[in-house]
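*Asks:* here's my sequence, what's the structure:
(chains A and B)
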Amino acid sequence: MSKLDGIKVRVEDPTTPHWVTENTRPLLHEIHHALQRLLEAGEVKTIDLASLPMGPADEARLLEILGVGEVEACIDAMGKSVIRETRFPGVWFIEHFNTDDQPMGRLIDITFIPTLLLSQTEDMRQGLAQLSLYLQTDDAA
Amino acid sequence: MPSKTLGESLFERGVSRRGFLKYCTALASIMALPPTAASAIAAALEKAKKPSVIWLEFQACTGCTESLTRSHAPTLEDLIFDSISLDSHDTLQAAAGHGAEQAREQAMKDNWGNYLLLVDGSVPLGNPGFSTIGGVSNLEMLQETAKGAAAVIAIGTCAAYGGLPKASPNPTGAVAVSDVIKDKPVINIPGCPPVPVVITGVLAHYLTFGTIPELDLHGRPLAFYGQSIHDRCYRRPFYEKGRFAESFDDEGAKEGWCLYKLGCKGPITYNACATVKWNDGVSFPIESGHPCLGCSEPDFWDKGSFYQALAQGQWGSAAGLGTAAAVGIAAGAGAALLARRKQHQAREEQP
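*Replies:* Coordinates of the predicted model:
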């Protein structure tokens, strides 16, 4: 038996912090108000989680309450972006990662559909040009 | 001046519009702008030209450059630095000796009146020989290079306030960049080291808007230094309730309570650590269980022990501060105000 066995060490699970700071509740109120405004006036809102005081337990709690809804989309543009509708329709949780899968941003979008999911005009123009070129080359062959 | 715009540079690298918008959303976040500003940023950046940047390093530990380059690629920091023309950096550039000096002189000549001058490290005035580059004193090089700069950015606490080289008894006579340069705008980005995205956020602001950001009384961009660590700390609710860790291993510390009594300088420190965080957003000192040292404030190194509560330190010997820490809520708010008043008073009393 090693002498080290005599040292009592308690390993705590870092993924489930047991304390919360109550920073979540005001944010949920903000989301509630924004969802109301979206329904009544069509006003969209984006909340940048990086701008708010959030501890690890707060964010875990927030995500637990928001839950997972019906839609999940993945974008591959300068790294991955994951866009999930929460269990509250109209409330979207967006995570941006760089190409090393490190987080670049966490946002909550209160909208009918997040803008990034829409095809972008500039990309469509470029795609159209590429398709035209393909058809011309194919016709010539 | 380089002819390519930032938009062109990114699109040439195969960055789609979606990717560019994502990049601009993240930029809005680091510039402390609302996420809805992403479209406006995208429109401005598409047309922005790559500015020439000259980086000088004086009496410093290189920690500021380390901070900026420690990120994993490709990050926003990388993209921003791809978006500027870093024409001279003593630590990073391959050239050495006379070649390095020629790079700086050429960049100055080609971009006279338009380049950004970034400086880290303090300037010794005690003796020109204390710190030289290629036989040229830091003071002379700063004065010469600043002449043709559009703006000067002092990176890190040493450049912003004199930093550790200025610590008592200040053997080299170290001063801040702003003590030398009086005829140009000087933006201070203090921190030991500064948060990397704050450095790039200021550069992004200049790239996007072509202006320097709004500054506080210490020349710091308000977007990043406008609020105290304490105000943005996720542990603040514990402070309000009077729940404090009394030692680093007590139950309060394990419960994640406020570190005020362990010497946290959060109430008198203005920086973005609490929201932007470090190591790609993983954490910041308080989240890791250590009190804030106050490294973005002037003379933080000469203000007594890092582990002495503000209530017992030079910011406030008033009994009310100690009482505030004990009872929290209303008295706690009073303590923060008193500490702030003391801070202003101390600044005014400085020679």
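
*Asks:* list the buried residues in the longest helix seen in chain A.
*Replies:* Counting by DSSP state H, the longest helix found in chain A is helix A:121-140. The neighbour-count check on helix A:121-140 (16 or more other C-beta atoms under 10 Å in any protein chain shown) flags residue A:122 as buried. Where you see a C-beta, it was placed from the backbone N, CA and C, and this is true even at glycine.

*Asks:* equivalent analysis for stretch B:228-246, please.
*Replies:* For stretch B:228-246, by 16+ other C-beta under 10 Å, it's B:228-230, B:232-239, B:242-245.

*Asks:* do you have the helices of the stretch 151-300 of chain B handy? List them.
*Replies:* B:156-161, B:177-180, B:196-209, B:222-225, B:229-232, B:236-240, B:251-254, B:273-276 (DSSP state H, counting those that start in this stretch).

*Asks:* out of those, indicate the one that is most buried.
*Replies:* By mean neighbour count, with neighbours taken as mean count of other C-beta atoms under 10 Å in any protein chain shown, helix B:156-161 ranks first of those at a mean of 30.

*Asks:* helices or strands up against that one?
*Replies:* Packing partners of helix B:156-161 (3 or more C-beta pairs under 8 Å, 6 or more residues apart in numbering or on different chains; DSSP states H and E): helix B:63-69, strand B:115-120, helix B:177-180, strand B:186-189.

*Asks:* and the ones you listed as JSON lines, adding mean pLDDT?
*Replies:* Shown next, in JSON lines, are those (pLDDT from 0 to 100):
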{"stretch": "helix B:63-69", "mean pLDDT": "85"}
{"stretch": "strand B:115-120", "mean pLDDT": "93"}
{"stretch": "helix B:177-180", "mean pLDDT": "97"}
{"stretch": "strand B:186-189", "mean pLDDT": "96"}
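
*Asks:* reformat those as JSON lines; add distance to residue B:270.
*Replies:* Shown next, in JSON lines, are the helices and strands packed on helix B:156-161 (distance: least, C-beta to C-beta, whole Å):
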{"stretch": "helix B:63-69", "distance to residue B:270": "18"}
{"stretch": "strand B:115-120", "distance to residue B:270": "19"}
{"stretch": "helix B:177-180", "distance to residue B:270": "17"}
{"stretch": "strand B:186-189", "distance to residue B:270": "11"}
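
*Asks:* of these, which approaches chain A most closely?
*Replies:* Nearest of the helices and strands packed on helix B:156-161 to chain A, taken as C-beta to the nearest C-beta: helix B:63-69 at 14.8 Å.

*Asks:* give me the distance from that closest one to the chain's centre.
*Replies:* Distance, stretch centre to chain centre, for helix B:63-69: 11 Å (C-alpha atoms, centre = their mean, to the nearest Å).

*Asks:* next: stretch A:93-101.
*Replies:* For stretch A:93-101 - counting by C-alpha atoms, centre = their mean - the centre lies 8 Å from the chain centre.

*Asks:* that stretch and chain B in contact?
*Replies:* Yes. Using C-beta under 8 Å from any C-beta of the partner chain, a contact is recorded between stretch A:93-101 and chain B, made by A:96, A:98-100.

*Asks:* which of those lies closest to residue A:50?
*Replies:* Checking the residues of stretch A:93-101 next to chain B against residue A:50 by C-beta to C-beta gives residue A:96 as the nearest, at 10.6 Å.

*Asks:* I'd guessed that closest one sits against residue B:24; true?
*Replies:* No. Residue A:96 is beyond contact range of residue B:24, at 11.2 Å (criterion: C-beta atoms under 8 Å).

*Asks:* just the strands in the chain please.
*Replies:* No chain specified, so I'll use chain A. Using DSSP state E, the strands of chain A run over A:45-48, A:72-76, A:80-85, A:91-97, A:103-110.

*Asks:* that's the other chain; I wanted chain B
*Replies:* B:52-57, B:85-89, B:115-120, B:123-124, B:132-133, B:136-137, B:149-155, B:174-175, B:186-189.

*Asks:* state the mean pLDDT of the fifth one.
*Replies:* Across strand B:132-133, the average pLDDT comes to 89.

*Asks:* in its sheet, what does it sit against?
*Replies:* Counting by DSSP bridges, the strands paired with strand B:132-133 are strand B:136-137 (antiparallel).

*Asks:* residue numbers of chain B in contact with chain A?
*Replies:* Checking chain B against chain A by C-beta under 8 Å from any C-beta, the hits are B:15-19, B:21-23, B:25-26, B:28-29, B:32, B:34-36, B:72-76, B:232-238, B:255-256, B:274-277, B:280-281, B:287.

*Asks:* same thing but 6 Å
*Replies:* Contact residues (C-beta under 6 Å from any C-beta of the partner chain) of chain B with chain A: B:15-19, B:22, B:26, B:29, B:35, B:72, B:74-75, B:232-234, B:237, B:255-256, B:275, B:280-281.

*Asks:* buried ones among the residues of stretch A:93-101 next to chain B?
*Replies:* Buried members of the residues of stretch A:93-101 next to chain B, scored by 16+ other C-beta under 10 Å, are A:96, A:98.

*Asks:* ok, so of the residues of stretch A:93-101 next to chain B, who is nearest chain B?
*Replies:* Relative to chain B, the closest of the residues of stretch A:93-101 next to chain B is residue A:100; by C-beta to the nearest C-beta it sits at 4.8 Å.

*Asks:* centroid-nearest residue for the chain?
*Replies:* The chain I'm using is chain A. Note on chain A: the residue nearest the mean C-alpha position is residue A:94, at 1.7 Å, using C-alpha atoms, centre = their mean.

*Asks:* you answered for a different chain; I wanted chain B.
*Replies:* By C-alpha atoms, centre = their mean, chain B has its centre lying nearest to residue B:189, at 3.1 Å.

*Asks:* how much space is there between that one and residue A:44?
*Replies:* 33 Å (C-beta to C-beta, to the nearest Å).

*Asks:* hey, C-alpha coordinates of the least confident helix or strand in chain A by mean pLDDT in PDB?
*Replies:* The weakest-scoring helix or strand in chain A, judged by mean pLDDT, DSSP states H and E, is helix A:56-66 (a mean of 87). Presented in PDB, the C-alpha positions along helix A:56-66 are these (Å, rounded to 0.1, in the frame of the first residue of the first chain):
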ATOM      1  CA  PRO A  56     -19.800  27.700 -15.400                       C
ATOM      2  CA  ALA A  57     -22.800  26.700 -13.200                       C
ATOM      3  CA  ASP A  58     -24.900  29.500 -14.600                       C
ATOM      4  CA  GLU A  59     -24.400  28.500 -18.200                       C
ATOM      5  CA  ALA A  60     -25.100  24.900 -17.400                       C
ATOM      6  CA  ARG A  61     -28.200  25.900 -15.600                       C
ATOM      7  CA  LEU A  62     -29.300  28.100 -18.500                       C
ATOM      8  CA  LEU A  63     -28.800  25.400 -21.100                       C
ATOM      9  CA  GLU A  64     -30.600  22.900 -18.900                       C
ATOM     10  CA  ILE A  65     -33.700  25.200 -18.600                       C
ATOM     11  CA  LEU A  66     -33.700  26.100 -22.300                       C
END
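
*Asks:* now it: buried residues?
*Replies:* Under the neighbour-count criterion of 16+ other C-beta under 10 Å, helix A:56-66 has A:56-62, A:66 buried.

*Asks:* quick one, that helix and strand A:91-97 angle?
*Replies:* 130 degrees (axes from the mean of the first three to the mean of the last three C-alpha atoms, to 10 degrees).

*Asks:* returning to that earlier point: these two touch, right, the residue nearest to the centre of chain A and residue A:83?
*Replies:* Yes. Here residue A:94 reaches residue A:83: they are 5.1 Å apart, a contact under C-beta atoms under 6 Å.
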